[in-house]
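1. what's the 3D shape of this:
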Amino acid sequence: MDEEYRWDDDSYTAVATNHVAWQHVTYILRQAHPKIRQHVGSVLRITAAAPDGQILAVTLIEEADDHYLVVAARHLTGDELTYAEALLRGH
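-> Next up, the predicted model:
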């Protein structure tokens, strides 16, 4: 996929509010493997492990074909984390 990701001031604020490093978000968008991609309407959510091993969910809004604005990122917890870890391991 050849997607474009855009950040604005609100992107950085939203990510920092959830105690996520913007560098980890960039890693998940560009390098992480495996990933869970959920695309519903104009919302794209990508879940993967950050370089420190923590599982993050990144939320983006599609502004045009394959052009996305980063709107949030957060650490997964509880059952959501357990489910994501199983999917990422292929179970």
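2. top helix in the chain by residue count?
-> Scanning the chain for the longest helix, with DSSP state H as the assignment, gives helix 78-89.
3. phi first, then psi, for the residue lying closest to His24 once chain neighbours are set aside.
-> Distances taken as CB to CB, 6 or more residues apart in numbering place Ala50 nearest to His24, at 3.9 Å, with adjacent residues excluded. C-beta coordinates here come from the backbone N, C-alpha and C atoms, glycine included. Here is the backbone geometry of Ala50 (degrees, to the nearest 10): phi -80, psi 170.
4. flag every buried residue along the longest helix of the chain.
-> Ala84, Leu88 (16 or more other CB atoms under 10 Å).
5. what packs against it?
-> Counting contacts by 3 or more CB pairs under 8 Å, 6 or more residues apart in numbering; DSSP states H and E, helix 78-89 packs against strand 36-40, strand 43-49, strand 55-64.
6. quick one: these as TSV, columns for mean pLDDT, distance to Ala21 and mean neighbour count too.
-> Converted to TSV, the helices and strands packed on helix 78-89 look like this (pLDDT from 0 to 100; distance: least, CB to CB, whole Å; neighbours: other CB atoms under 10 Å):
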stretch	mean pLDDT	distance to Ala21	mean neighbour count
strand 36-40	96	20	11
strand 43-49	98	14	19
strand 55-64	98	10	18
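7. in a markdown table, list those along with distance to Leu76.
-> A markdown table is the format used below for the helices and strands packed on helix 78-89 (distance: least, CB to CB, whole Å):
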| stretch | distance to Leu76 |
| --- | --- |
| strand 36-40 | 10 |
| strand 43-49 | 7 |
| strand 55-64 | 5 |
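8. mind checking these for the one nearest to Gln23?
-> Across those, Gln23 has its closest neighbour in strand 55-64 (11.5 Å, CB to CB).
9. and the contacts of that closest one?
-> Here strand 55-64 makes contact (CB atoms under 8 Å, 6 or more residues apart in numbering) with 5-6, 20, 24-25, 28-29, 42-50, 68-76, 81, 84-85, 88.
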